[in-house]
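A.B. asks: here's my sequence, what's the structure:
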Amino acid sequence: MAVDPNIRPGTVAQVDAAVTAAQAAGRVPSLIAGVVRDGALVHVAAAGETPTPTADTQYRIGSISKTLTATLVLRLRDAGGLALDDPLERHLPGTPVGPLTVRQLLGHVSGLQREPDGEWWERSAGGDVDALLAGLHTGKLARPPFAGYHYSNLAYGLLGALLERATGRPWWQLVREQLLTPLGMTRTSYQATEPFARGYVVHPWDGVLREEPRHDAGAMAPAGQLWSTVTDLARWAGFLADPATAGGAILSASTGAEMTVPVAISDLESWTAGHGLGVELWRRGERVYLGHTGSMPGYLAVLVAHRRSRTAVVAFANAYTMLGSGMGKFGIDLLTTVLDAEPKPEPVTGWRPGLAPPAEVAPLTGRWWWMGREYEASWADDALVLRPVTLPAGTPWRFTREAPDVWRCHTGMNTGEIMTVRRGPDGAVSALDIATFVFRRDVLPAE
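C.D. replies: Just a heads-up that it's a prediction; the model follows:
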């Protein structure tokens, strides 16, 4: 069922076929997927009859909840409430794992064991924050911090406790007020609200369904409690695919980019998977995807986004096991299908006449040389732009002035670096010093 007529019929047919085939091969009662482009839900495909899903049917999203928890932590950091390298004990005094840092917890490199003490938290009612913290002990460290990637649900329970103690408000209240309301996610909830799909374990031999309980995870809720719909999760996927979509109301563009910087590579053999600050990262060919998978008893979910094309896929199933591809690979493959079928061309900006640079900037424009390589400096949009003339095209370096003869780069390999304008005894510009690399007018200047 197409939501947007702008998606090609051929792509619709491929997505519909993939969902139907995955539901059949996976032996899941129902499967539903949505395609998101430029922040909008453009197509929904569904298969199965238990129930017959719609874009408004709730499923449990499991660990996709972690992406919301991580976003709250980054918002608190941006507001000055913490630093990513703060030790946990700074915000949760007295904890026996206090030296672990916020960054380590976000990126699953803290060394914490995967689960808290007690019964399997996903299938039993959870306690409060005090009970979670009381269950901590030094034996919960499976390995030293940064000794390698080790996924930890417990880490996100502790991040939720940190948020509650640092703000004085429950995690769910923060989610609702800071994330769901601004994005209009009215069908994302803490507990299931009708219509919702019941979750099952499917008997491997006869296909009989056993309905699973839907417990309140308590203090572990930040690791996997939430329920959502294709329509709602598409809004979250649109945000993750392009944080600027929310106009900075959720995260700044720089923090959104910081989320995707790898903290750890989880696949050291082929480097096809890793983890950033709260998001999983997957490389497929020349593309890098971000998002998260999710599972709770009776439910599977996936969100996969590609930032360069601002395209994403979300999908849900109401079974604990999906035979064949599994939910994660299904989502990644479905997004790859969409991108291969409908590649988005690089945006092209038409040429327009420029403005002459200010008098004090004009001496910086023109040709410059460094180690026998030729570069061109031009003035555009109130910035000095340097690009190589003979080397393969790359990202130009865009500098803006911070002080007389002091400029800072904002794009390309020199991002964040300072360019200092060197002058001769007569005050004329003699060279551009970019992080100790000196660019001169002569091809091979005398030293």
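A.B. asks: what about the helices in the stretch 251-400 of the chain?
C.D. replies: 253-259, 326-341 (DSSP state H, counting those that start in this stretch).
A.B. asks: same thing with the stretch 1-150 of the chain?
C.D. replies: Using DSSP H, counting those that start in this stretch, helices in the stretch 1-150 of the chain cover 9-26, 65-78, 102-106, 129-134.
A.B. asks: what's the closest of the helices of the stretch 251-400 of the chain to Lys66?
C.D. replies: Taking C-beta to C-beta, helix 253-259 is the member of the helices of the stretch 251-400 of the chain nearest to Lys66, at 11.9 Å. Heads up, the C-betas are built off the backbone N, CA and C, glycines and all.
A.B. asks: distance from the chain centre to the closest one, please.
C.D. replies: Here helix 253-259 is found 9 Å from its chain centre; the criterion is C-alpha atoms, centre = their mean, to the nearest Å.
A.B. asks: for that helix, packing partners?
C.D. replies: helix 65-78 (3 or more C-beta pairs under 8 Å, 6 or more residues apart in numbering; DSSP states H and E).
A.B. asks: sketch out the low-pLDDT regions of the chain for me.
C.D. replies: In the prediction, the chain carries residues with pLDDT under 70 at positions 1-6, 121, 246-247, 447.
A.B. asks: can you give me phi and psi for the residue nearest the centre of it?
C.D. replies: What sits nearest the mean C-alpha location of the chain, by C-alpha atoms, centre = their mean, is Val279, with 4.5 Å. When read as degrees, to the nearest 10, the backbone of Val279 gives phi -120, psi 140.
A.B. asks: can you map out the strands along the stretch 101-250 of the chain?
C.D. replies: In the stretch 101-250 of the chain, the strands defined using DSSP state E, counting those that start in this stretch lie at 200-202, 209-211, 227-228.
A.B. asks: will you turn these into JSON lines that also has distance to Ala70 and mean neighbour count?
C.D. replies: Shown next, in JSON lines, are those (distance: least, C-beta to C-beta, whole Å; neighbours: other C-beta atoms under 10 Å):
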{"stretch": "strand 200-202", "distance to Ala70": "29", "mean neighbour count": "20"}
{"stretch": "strand 209-211", "distance to Ala70": "31", "mean neighbour count": "13"}
{"stretch": "strand 227-228", "distance to Ala70": "16", "mean neighbour count": "26"}
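A.B. asks: which of these sits closest to Asp381?
C.D. replies: Using C-beta to C-beta, those put strand 227-228 closest to Asp381, at 39.9 Å.
A.B. asks: okay, now the domains of this protein?
C.D. replies: 9-341, 362-439 (automatic domain parsing).
A.B. asks: what's the first-to-last distance across the last one?
C.D. replies: In other words, domain 362-439. Domain 362-439 has an end-to-end distance of 16 Å (criterion: C-alpha to C-alpha, to the nearest Å).
A.B. asks: just to revisit the earlier point, of all the strands of the stretch 101-250 of the chain, which lies closest to Phe146?
C.D. replies: Phe146 lies closest, by C-beta to C-beta, to one member of the strands of the stretch 101-250 of the chain: strand 227-228, at 32.8 Å.
A.B. asks: who touches that closest one?
C.D. replies: 58-61, 64, 185, 187-193, 196, 236 (C-beta atoms under 8 Å, 6 or more residues apart in numbering).
A.B. asks: circling back to that earlier point, and the domains of the chain as CSV, adding distance to Pro347?
C.D. replies: Conversion of those to CSV gives the following (distance: least, C-beta to C-beta, whole Å):
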stretch, distance to Pro347
domain 9-341, 11
domain 362-439, 15
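A.B. asks: tell me the most buried of the ones you listed?
C.D. replies: Neighbour counts (mean count of other C-beta atoms under 10 Å) averaged over each of these peak at domain 9-341, with a mean of 19.
A.B. asks: between its first and last residues, how far does it reach?
C.D. replies: End-to-end distance (C-alpha to C-alpha), domain 9-341: 10 Å.
A.B. asks: so which of the strands of the stretch 101-250 of the chain is nearest Leu82?
C.D. replies: Here strand 227-228 is closest among these (C-beta to C-beta), at 27.1 Å.
A.B. asks: re earlier: adding distance to Asp382, write the helices of the stretch 251-400 of the chain out as TSV.
C.D. replies: Shown next, in TSV, are the helices of the stretch 251-400 of the chain (distance: least, C-beta to C-beta, whole Å):
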stretch	distance to Asp382
helix 253-259	18
helix 326-341	35
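A.B. asks: who wins for proximity to Glu212 among those helices?
C.D. replies: Comparing the helices of the stretch 251-400 of the chain under C-beta to C-beta, the one sitting nearest is helix 326-341, at 15.9 Å.
A.B. asks: list the contacts of that closest one.
C.D. replies: So helix 326-341 is contacted by 8, 10-11, 14-15, 18-19, 22, 26, 33, 35, 282, 284, 287, 289, 291, 293, 295, 300-306, 309, 311-315, 317, 322, 324-325 (C-beta under 8 Å, 6+ apart).
A.B. asks: dump the helices of the stretch 1-150 of the chain to a markdown table, plus distance to Thr231.
C.D. replies: Below are the helices of the stretch 1-150 of the chain laid out as a markdown table (distance: least, C-beta to C-beta, whole Å):
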| stretch | distance to Thr231 |
| --- | --- |
| helix 9-26 | 16 |
| helix 65-78 | 17 |
| helix 102-106 | 28 |
| helix 129-134 | 32 |
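A.B. asks: thanks a lot, catch you later.
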